[in-house]
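Chemist: okay, here's the prediction I keep looking at, along with the sequence it came from:
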Amino acid sequence: MTVNVETLEKLERKITLTLPVGTIQSEVDSRLKKLARTVKMDGFRPGKVPMNVVAQRYGYSVHYEVMNDKVGEAFSQAANEAKLRVAGQPRITEKEESPEGQLAFDAVFEVFPDVKINDLSGAEVEKLDAEVGDEAIDKTLDILRKQRRTFAQRAQDATVADGDRVTVDFEGKIDGETFQGGKAEDFQFIVGEGQMLKEFEDAVRGLKSGDSRTFPLSFPADYHGKDVAGKQADFMVTVKKIEASHLPEVNEQLAKSLGIADATVEGLRADIKRNLEREVKFRLLARNKNAVMDALIANAELDLPNSSVQAEVDRMVEGARAELKQRGIKDADKAPIPDDVFRPQAERRVRLGLVVAELVRANNLQAKPEQIKAHIDELAASYEKPADVVRWYFSDNRRLAEVEAVVIENNVTDFVLGKAKVNAKSVSFDELMAQQG
């Protein structure tokens, strides 16, 4: 079969499909006969409905199905014959004029682009590195101790200090009116840990149990409660109970309570270091991977198929609606979300997907079974029962596909870093943890 492919613009193509009318009618008749053997209609026994009655009732829908199937088959055959990589679904319209005994259709569609990746030796990539030192281990230990602290009531004449847990009643008013969320009884918080606004914490410091204080409080302009953001309130707070916090000692008992196999202080610190190093590794990998992908996009030339971009936009819009629904937003599935909100991100995703696919194909960077197994083992290592986690991944093809995609991205990252001009930069543990993505 000779297929004539017409280029309309950039990635858009058109081919004309022809189907013999006789072939269409023959398939329609065949399906109607098959339908007649099982169809049920009032006044007829099953299998005894006359063909003309079946055709009258179901002829149009069967004809529509056959046309769709046959045109789809013809398009797939033509695209394969012409060795076209079709992006998205074709727009198929019937031509007004057709050869005698034939039906003709125009199929307009997009093809995936040729991707040109320029010499990566000229690309610059900033590669971060970070180490886990004693300071990071100490901070993590402090967090673990705070999670296990205990509280004991202070003496009646004791005053509130940082680290104390206080129980208070408070009421706030704006322009003389109590506002939503501005009043509470037996409210607890720990002083000095930023759980409350600074003015509130300052007001309770130095008070004794039973003391009250009035004070002004200015809500920040970016405060999460939009009704009070940027406004000033007058508060009254009464301290009802003051409890001193007690942090557990860093000793074998703490190590044992945390389930450390080597229940010693050294074993505890070593376990924390291993976990932090695993987290640092994944963070560095994610951040450096993003830098590599930015470099790849900057060094690639390609046209984007609009159909692929639109499909990605549609997926993102549906994802946003699902998230709104999860938050309990009414009629979330009908929420008006303009495509333009997601288009830049969708374009980047499609561009990156095409560039990565080309780099993987051209350089054999596919994920090997042993790489997938090693990655799953590493993910499972931080769990109490790693073998169960490994089985969980291998029991589901979708989960395996997700791991495979990550391994491929890691292969791409390593490949690009091996070719590009790498600017190494060391950052502190805290800087790395503060970075997004």
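Modeler: That came through fine. Residues are numbered from 1 along each chain as shown.

Chemist: okay, buried residues for stretch 232-251 please.
Modeler: 233, 235, 237-239, 241-244, 250 (16 or more other Cβ atoms under 10 Å). Every C-beta, even on glycine, is put in place using the N, C-alpha and C of the backbone.

Chemist: likewise for stretch 364-384?
Modeler: 365, 367, 371-372, 375-376, 379-380.

Chemist: same check, this time on stretch 297-304
Modeler: 299-300, 302-304.

Chemist: am I right that residue 188 falls within a strand?
Modeler: Yes. Assessed with DSSP: H, G, I helix; E, B strand; the rest coil, residue 188 lies in a strand.

Chemist: when you give positions from now on, start the count at 7
Modeler: New numbering, starting at 7: the last item is residue 194.

Chemist: any idea how far residue 192 is from the closest residue to it other than its chain neighbours?
Modeler: In this structure, residue 194 finds its nearest non-sequential neighbour in residue 173, 5.2 Å apart by Cβ to Cβ, 6 or more residues apart in numbering. According to Cβ to Cβ, to the nearest Å, residue 173 stands 6 Å off from residue 192.

Chemist: higher neighbour count, those two?
Modeler: Shown here are residue 173 and residue 192; by other Cβ atoms under 10 Å, residue 173 has more neighbours (17 against 9).

Chemist: do you know how far residue 192 is from residue 215?
Modeler: Distance, residue 192 to residue 215, by Cβ to Cβ: 13 Å.

Chemist: what does residue 302 give?
Modeler: In terms of Cβ to Cβ, residue 302 sits 63 Å off from residue 215.

Chemist: between the two, which is the more surrounded one?
Modeler: For residue 302 versus residue 215, the count of surrounding residues by other Cβ under 10 Å is larger for residue 302: 24 against 19.

Chemist: secondary structure element holding the residue nearest to that one when sequence neighbours are not counted?
Modeler: Excluding the flanking residues, the one nearest residue 302 by Cβ to Cβ, 6+ apart is residue 361, at 5.3 Å. In this assignment (DSSP states H and E), residue 361 forms part of helix 349-369.

Chemist: after that helix, which helix or strand is next?
Modeler: Counting by DSSP H and E, the next helix or strand C-terminal to helix 349-369 is helix 375-386.

Chemist: can I get that following helix as PDB, trimmed to CA atoms?
Modeler: Coordinates of each C-alpha in helix 375-386 appear next as PDB, following Å, rounded to 0.1, in the frame of the first residue of the first chain:
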ATOM      1  CA  PRO A 375      17.300  -5.500  36.200                       C
ATOM      2  CA  GLU A 376      20.200  -5.400  38.700                       C
ATOM      3  CA  GLN A 377      20.000  -1.600  38.900                       C
ATOM      4  CA  ILE A 378      16.200  -1.800  39.600                       C
ATOM      5  CA  LYS A 379      16.900  -4.400  42.400                       C
ATOM      6  CA  ALA A 380      19.700  -2.400  43.900                       C
ATOM      7  CA  HIS A 381      17.500   0.800  44.000                       C
ATOM      8  CA  ILE A 382      14.600  -1.100  45.700                       C
ATOM      9  CA  ASP A 383      17.000  -2.600  48.200                       C
ATOM     10  CA  GLU A 384      18.300   0.900  49.000                       C
ATOM     11  CA  LEU A 385      14.700   2.300  49.400                       C
ATOM     12  CA  ALA A 386      13.800  -0.700  51.700                       C
END
